[in-house]
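Q: mind looking at a prediction? Sequence and model below.
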Amino acid sequence: MRRPGEGESMSLGETITGSQMAVIDANSAALGVPPKQLMESAGNAVARTVRSIVEPGSSVTVVAGRGNNGGDAFAAARFLDDYDVRVRLLGHAETIGTDIARENWAALERAALDVAAWRDSSAIAFDDPDLFVDAMLGTGISGRLREPVATAAKRLNDSETPVLSVDVPSGLDGETGALADNAVEPDHVVTFHKPKPGLDALEAPVTVADIGVPQAAERFVERGDLLRLSRPADSHKGDFGEVLVIGGGPYTGAPALAAQAALRAGADLVRVACPRSVADEIQSYSENLIVRPFDGDRFTPDSVERVLSLAGEHDSVVLGPGLGAAENTLVAVREFLERYDGFAVVDADALGVVPGVETDATLVCTPHQGELEAMGGETADDWRERAELVESFAAELGQTLLVKGPYDVLSDGERTRVNRTGNPGMTVGGTGDVLAGTVGALTATQEPMAAAAIGAYVTGAAGDRVVERQGYGLVATDLLGSIPSVIWRDEDG
Ligand SMILES: NC(=O)C1=CN([C@@H]2O[C@H](COP(=O)(O)OP(=O)(O)OC[C@H]3O[C@@H](n4cnc5c(N)ncnc54)[C@H](O)[C@@H]3O)[C@@H](O)[C@H]2O)[C@@H](O)CC1
Ligand SMILES: [K+]
């Protein structure tokens, strides 16, 4: 029997983790292709792979778990009428974890197929068939296999019968690709949509099956992207990030809006570094704000040291709102970026400094199309063309761009996505500050592309909710109150 991890590794191309797949799956649903339809295609792909391994008439035993991995194999069984198929469920049928898997199990029962549930490991009993289908666990797991799966996996591994694993060998961690020491050792794997981490280290041949996930589920930012945010019950203050907004001087509303948006988007602590001359005014907008003043009436090179040390105490910064474009302010922005090596969202007048600056910081730049052109980038009316232009400019800058427009385009130079939430009411002043603050909060806990994607989606959807409620005439502060419900309430619109 082959062992996972032995022998030559082969390259399967771009991999996606189980949680990325779950985002794509939820985005497919948002685009009208629900999970049950994907499960049907996955089942069909499993059946096709079975046909490529053993002849019609052969005996096939499906060993299934109670998650969607098992559900894929229940669907497969219906495509294998001309085989002698047995389906064995590990656990009680009533505890099957998802509706779609339960429906597919019920369909097998009603069709009077040879199905049985093994309630615990003592019930596990095999005749050796011509092929085992391992549909016990998919990408939804981590750690060593627990009972009764562990016993079943050992039985499969001890048998001479070849094993076809569905999506991943049971016991492969869908996030890291690590294999549990008691994982199933497959002879074949059929995986869905794209390879999962760790599969290329197996010796077993891997079939990557197209299950009809629309390309748009990856291209467009949709509700499923919010799955990347989770707030476990045991979380502590600080787990969701501390954000520093560096802004204010000639303007005071912009940094206050950005800071409040960062709070609404889930940051634990948000502070505003601003000139002393406007500190009281900014504080007076909200008791939720914490102000950290520096001397003077605008950001100048004299304050860079102080602002850098504040920035070092935060998980991310939002640089730009309300700073203005005075020459020595832009010199200060440049010096800050040259010396800062953390995460920053750059907005407004600070954007002009980004091209050509030498920085170790990881930036998400949030220009509108005019600001993009001022930075030296190009734009186009057609969003597809714009997407290509933004991608090549992001590659040139070596940073992530989120270019605002009727369709927001975001790119890190390699991956490019499009957000379609938002409405014409949002061209009003201040919405850009809300976006920058929202992305700032997300940058504290997410990788830049995810922060940009979710930030654009959430801000646009917040605007859509406001307009749905009250019609046009929205102002930037209206968005703030809608941000949490977009993030945390599972409803459309
Ligand atoms: N786009 C998608 O996301 C699609 C997913 N599909 C299938 O769905 C699978 C993922 O399904 P689920 O998220 O329901 O998860 P799984 O089917 O992988 O099962 C997760 C269950 O395993 C249990 N578990 C976790 N760790 C364990 C351990 N160490 N030992 C024993 N049991 C453990 C948990 O209680 C959990 O209920 C994929 O691998 C794929 O086969 C397909 O239906 C097609 C579409
Ligand atoms: K499996």
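A: Arrived safely, thanks for sending. Residues are numbered from 1 along each chain as shown. Ligands and ions are numbered 1, 2, ... in the order given.
Q: near ligand 1, which residues of the protein?
A: 21-22, 25, 38-39, 42, 65, 67-69, 71-72, 97-98, 137-146, 149, 166-167, 192, 211 (Cβ under 6 Å from any ligand atom). Heads up, the C-betas are built off the backbone N, CA and C, glycines and all.
Q: helices of the stretch 1-150 of the chain, residue ranges please.
A: In the stretch 1-150 of the chain, the helices defined using DSSP state H, counting those that start in this stretch lie at 18-30, 35-53, 68-78, 99-110, 149-158.
Q: point out the most buried one among those.
A: For the helices of the stretch 1-150 of the chain, the largest average neighbour count (mean count of other Cβ atoms under 10 Å) is found in helix 68-78, namely a mean of 28.
Q: next, the one residue in the stretch 301-450 of the chain that gets nearest to ligand 2: secondary structure please.
A: The nearest approach of the stretch 301-450 of the chain to ligand 2 comes at A450, 27.1 Å away (Cβ to the ion). For A450, the secondary structure call by DSSP: H, G, I helix; E, B strand; the rest coil comes out as helix.
Q: wait, it sits on T443?
A: No. A450 lies out of contact with T443 (Cβ atoms under 8 Å); the separation is 9.2 Å.
Q: whatever residue of the stretch 301-450 of the chain ends up closest to ligand 1: how many residues sit nearby?
A: In the stretch 301-450 of the chain, the residue that lies nearest ligand 1 is A450 (17.5 Å; Cβ to the nearest ligand atom). When neighbours are counted by other Cβ atoms under 10 Å, A450 registers 20.
Q: show me what contacts it?
A: By Cβ atoms under 8 Å, 6 or more residues apart in numbering, the residues touching A450 are 225, 228, 442.
Q: repeat the analysis, applying 7 Å as the threshold.
A: Counting by Cβ atoms under 7 Å, 6 or more residues apart in numbering, A450 touches R228.
Q: ok, G370 next?
A: By Cβ under 7 Å, 6+ apart, G370 has no neighbours at all.
Q: next one, pLDDT for it please.
A: We have a pLDDT of 95 for G370.
Q: helix or strand: which one has it?
A: Counting by DSSP states H and E, the element that carries G370 is helix 369-374.
Q: same question for that helix: list its buried residues.
A: By neighbour count on 16 or more other Cβ atoms under 10 Å, the buried set for helix 369-374 is 369, 371-372.
Q: what's the answer for stretch 121-130, then?
A: 124, 126, 129-130.
Q: quick check: which of these has the minimum pLDDT.
A: Within those, lowest confidence goes to F126 (81).
Q: for that one, give me its contacts.
A: F126 neighbours (Cβ under 7 Å, 6+ apart): 61, 155.
Q: quick check: phi and psi at it.
A: Dihedral pair for F126: phi -120, psi 140, per degrees, to the nearest 10.
Q: how close does it sit to T151?
A: Look at F126 and T151: by Cβ to Cβ, to the nearest Å, they are 11 Å apart.
Q: ok, the closest residue to H368 other than its chain neighbours - contacts?
A: Distances taken as Cβ to Cβ, 6 or more residues apart in numbering place K404 nearest to H368, at 4.5 Å, with adjacent residues excluded. When contacts are counted by Cβ under 7 Å, 6+ apart, K404 touches 366, 368, 432, 435.
Q: would you confirm that the third one contacts V346?
A: What it means is G432. No. G432 is not in contact with V346 according to Cβ atoms under 7 Å; the separation is 12.0 Å.
Q: domains for this structure, by residue range?
A: As given by automatic domain parsing, the domain ranges for the chain are 18-214, 234-488.
Q: got any ranges where the stretch 351-493 of the chain has weak pLDDT?
A: 490-493 (pLDDT under 70).
Q: how about the chain?
A: 1-10, 231-238, 490-493.
Q: could you point out which of the helices of the stretch 1-150 of the chain sits nearest G425?
A: helix 18-30 (22.5 Å; Cβ to Cβ).
Q: wait, does that closest one contact ligand 2?
A: No. Helix 18-30 does not reach ligand 2 (Cβ under 5 Å from the ion); its nearest approach is 11.7 Å.
Q: can you give me the strands for the stretch 251-400 of the chain?
A: 269-275, 290-294, 316-319, 343-346, 362-365, 400-403 (DSSP state E, counting those that start in this stretch).
Q: check the ones you listed for me and report the most buried one.
A: Comparing those by mean neighbour count (mean count of other Cβ under 10 Å), strand 316-319 ranks first with a mean of 32.
Q: from the chain's centroid, how far away is that one?
A: Relative to its chain's centre, strand 316-319 lies at 21 Å (Cα atoms, centre = their mean, to the nearest Å).
Q: contacting residues around it?
A: By Cβ under 7 Å, 6+ apart, strand 316-319 touches 241, 243-246, 258, 262, 311, 333, 336, 342-347, 350, 436-437, 440, 443-444.
Q: which ones among those residues map onto helices?
A: 258, 262, 311, 333, 336, 436-437, 440, 443 (DSSP state H).
Q: might you report the residue contacts of A254?
A: For A254, the contact set (Cβ under 7 Å, 6+ apart) comprises 247, 321-322, 348, 433.
Q: go again with 8 Å.
A: By Cβ under 8 Å, 6+ apart, A254 lies in contact with 247-248, 321-322, 348, 430, 433.
Q: on that earlier part again, the strands of the stretch 251-400 of the chain: which one's closest to R489?
A: So among the strands of the stretch 251-400 of the chain, strand 269-275 is nearest, using Cβ to Cβ, at 22.1 Å.
Q: what's in contact with that closest one?
A: Counting by Cβ under 8 Å, 6+ apart, 237-238, 242-249, 252, 255-256, 259-260, 262-263, 282, 288-299, 303, 306-307, 310-311, 314, 437, 441 sit against strand 269-275.
Q: please pick the buried ones from those.
A: Using 16+ other Cβ under 10 Å as the burial test, those include 242-249, 252, 255-256, 259-260, 262-263, 282, 289, 291-294, 298-299, 303, 307, 310-311, 314, 437, 441 as buried.
Q: can I get the CA coordinates of stretch 347-358 in PDB?
A: Coordinates of the C-alpha atoms in stretch 347-358 are reproduced here as PDB (Å, rounded to 0.1, in the frame of the first residue of the first chain):
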ATOM      1  CA  ASP A 347      -5.900  57.300   1.500                       C
ATOM      2  CA  ALA A 348      -6.600  60.800   0.200                       C
ATOM      3  CA  ASP A 349      -3.600  63.200  -0.100                       C
ATOM      4  CA  ALA A 350      -1.200  60.700   1.300                       C
ATOM      5  CA  LEU A 351      -1.700  58.500  -1.900                       C
ATOM      6  CA  GLY A 352       0.400  60.900  -4.100                       C
ATOM      7  CA  VAL A 353       3.500  59.900  -2.000                       C
ATOM      8  CA  VAL A 354       3.200  56.200  -2.600                       C
ATOM      9  CA  PRO A 355       4.700  55.900  -6.200                       C
ATOM     10  CA  GLY A 356       8.400  55.800  -5.800                       C
ATOM     11  CA  VAL A 357       8.500  55.700  -2.000                       C
ATOM     12  CA  GLU A 358      11.000  53.200  -0.500                       C
END
